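K.L.:
got a sequence here, can you model it:
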Amino acid sequence: MSTACLAMPLPMSRETQSEPDDFDLVRRARSGDVRSFEQLYRRHVGRVHGAVWRLSGMNPARAEELAQEAFVRAWEKLDSFRFESAFSTWLHRLAVNVALMELRRPDLEDTTESDELERASEPVRPFCVAERADLERAVAGLPPRARAVLVLHDIEGWKHEEISRELDMAVGSSKAQLHRARGLLKRALGESP
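P.N.:
Got it, this is the predicted structure:
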C-alpha cells in the first residue's frame with residue numbers, strides 16, 4: 001500500500017452522514033417520536049450519569065436513579081426547551097438540578113464540625129494522588145453540600161453566583177463551602193491543609 005493511500009481520509013459511512021443533530025431529534029421527540037428521544041438518551045447518558053454520579057457521592061445505585069429521573073424530567077419538559085443553547089447544555093443543567101434537589105432534602109444536612117474532627121483524627125491510609133479511585137472516594141466522603149459546591153465549581157466549572165442560586169445559599173457561603181471541601185479533601189488525602 002502506498003503512503004498516499006494512508007494519508008487519504010476514509011469516506012464517512014452513510015449512517016454517520018445522515019445522522020440527525022440534537023435539534024432535529026428534539027423536534028421529532030416533541031411530536032411523540034420515542035425513538036428520537038432514545039437517540040438523545042444514548043448520546044447524552046454518559047455525561048448526565050457522570051455529573052449526577054459525582055454529586056451523589058459516587059453512589060452507583062443512586063446515580064443510576066438520578067440519571068433516569070433526569071431523563072424522565074427531560075421527556076416531560078421537552079416542550080420547555082427553547083433552542084437557545086445546545087440541547088446537551090439544557091439537559092446537563094436539568095440533570096444537575098435533579099441531583100441538587102436531592103441535596104435539599106432535610107435528612108441530608110451536613111455533618112457537624114465535631115463529626116469532621118472525629119473523622120480527621122482517624123488514621124488515613126497512604127494515598128497516591130495519581131490513583132483516581134482514591135480521589136473519587138475522598139470526594140464521595142465529603143459532606144453533601146460541600147461536595148456539591150466542590151463538584152459544581154471545580155469539576156463542572158460553575159461560578160459561585162450560579163452555585164449560590166441553585167443551592168439557595170449566599171455567594172460567601174458557596175466560597176466558604178468550597179474552601180471547607182478543599183481542606184477536608186486535602187486532609188482525607190493525607191496532605192497538609
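K.L.:
from now on I want contacts and neighbour counts done on CA atoms only, so please keep to that.
P.N.:
Fine.
K.L.:
now the longest helix seen in the chain, how far from the chain's geometric center?
P.N.:
In terms of residue count, the longest helix belonging to the chain (DSSP state H) is helix 34-55. Relative to the centre of its chain, helix 34-55 is centred 11 Å away, using CA atoms, centre = their mean, to the nearest Å.
K.L.:
swap in stretch 38-56?
P.N.:
That offset, for stretch 38-56, works out to 8 Å (CA atoms, centre = their mean).
K.L.:
what does stretch 150-165 give?
P.N.:
With CA atoms, centre = their mean, you get 11 Å for stretch 150-165.
K.L.:
now it: average pLDDT?
P.N.:
Regarding stretch 150-165, the rounded mean pLDDT is 90.
K.L.:
can you check the distance spanned by that stretch, start to finish?
P.N.:
Distance across stretch 150-165, first residue to last, is 15 Å (CA to CA, to the nearest Å).
K.L.:
and it, what's buried?
P.N.:
Across stretch 150-165, burial judged by 16 or more other CA atoms under 10 Å covers 150-153, 160, 163-164.
K.L.:
residues near residue 42, how many?
P.N.:
10 (other CA atoms under 10 Å).
K.L.:
if I look at it, how far off is residue 35?
P.N.:
According to CA to CA, residue 42 and residue 35 sit 11 Å apart.
K.L.:
residues near residue 24, how many?
P.N.:
Burial of residue 24 is recorded as 12 neighbouring residues (other CA under 10 Å).
K.L.:
now do the one 10 residues further on
P.N.:
Burial measure for residue 34: 14 neighbouring residues, criterion other CA under 10 Å.
K.L.:
measure it to residue 165 for me?
P.N.:
Residue 34 is 33 Å from residue 165, by CA to CA.
K.L.:
now do the domain split for the chain, please.
P.N.:
As assigned by automatic domain parsing, the chain contains the domains 20-103, 110-188.
K.L.:
weakest of those domains by average pLDDT?
P.N.:
Lowest mean pLDDT within these: domain 110-188, a mean of 77.
K.L.:
pull the distance from that one to the chain's centre.
P.N.:
Using CA atoms, centre = their mean, the offset of domain 110-188 from its chain centre is 15 Å.
K.L.:
which neighbouring elements make contact with the helix or strand hosting residue 146?
P.N.:
Following DSSP states H and E, one finds residue 146 within helix 144-150. In terms of contacts (3 or more CA pairs under 8 Å, 6 or more residues apart in numbering; DSSP states H and E), helix 144-150 is packed against helix 34-55, helix 87-103, helix 171-188.
K.L.:
now do 6 Å
P.N.:
Applying 3 or more CA pairs under 6 Å, 6 or more residues apart in numbering; DSSP states H and E, one finds that helix 144-150 contacts helix 171-188.
K.L.:
give the buried residues for the helix it packs on.
P.N.:
171, 173-175, 177-178, 180-182, 184-185, 187-188.
K.L.:
okay, it in PDB with CA atoms only?
P.N.:
Taking C-alpha atoms only, helix 171-188 is exported to PDB below (Å, rounded to 0.1, in the frame of the first residue of the first chain):
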ATOM      1  CA  VAL A 171     -22.200  33.600  47.500                       C
ATOM      2  CA  GLY A 172     -19.900  33.900  50.500                       C
ATOM      3  CA  SER A 173     -21.300  30.600  51.800                       C
ATOM      4  CA  SER A 174     -20.500  28.900  48.500                       C
ATOM      5  CA  LYS A 175     -16.900  30.200  48.700                       C
ATOM      6  CA  ALA A 176     -16.700  29.000  52.300                       C
ATOM      7  CA  GLN A 177     -18.100  25.600  51.400                       C
ATOM      8  CA  LEU A 178     -15.500  25.300  48.600                       C
ATOM      9  CA  HIS A 179     -12.700  26.200  51.000                       C
ATOM     10  CA  ARG A 180     -14.000  23.700  53.500                       C
ATOM     11  CA  ALA A 181     -14.400  21.000  50.900                       C
ATOM     12  CA  ARG A 182     -10.800  21.500  49.600                       C
ATOM     13  CA  GLY A 183      -9.400  21.400  53.200                       C
ATOM     14  CA  LEU A 184     -11.400  18.200  54.100                       C
ATOM     15  CA  LEU A 185     -10.300  16.700  50.800                       C
ATOM     16  CA  LYS A 186      -6.600  17.500  51.500                       C
ATOM     17  CA  ARG A 187      -6.900  16.100  55.000                       C
ATOM     18  CA  ALA A 188      -8.600  12.900  53.600                       C
END
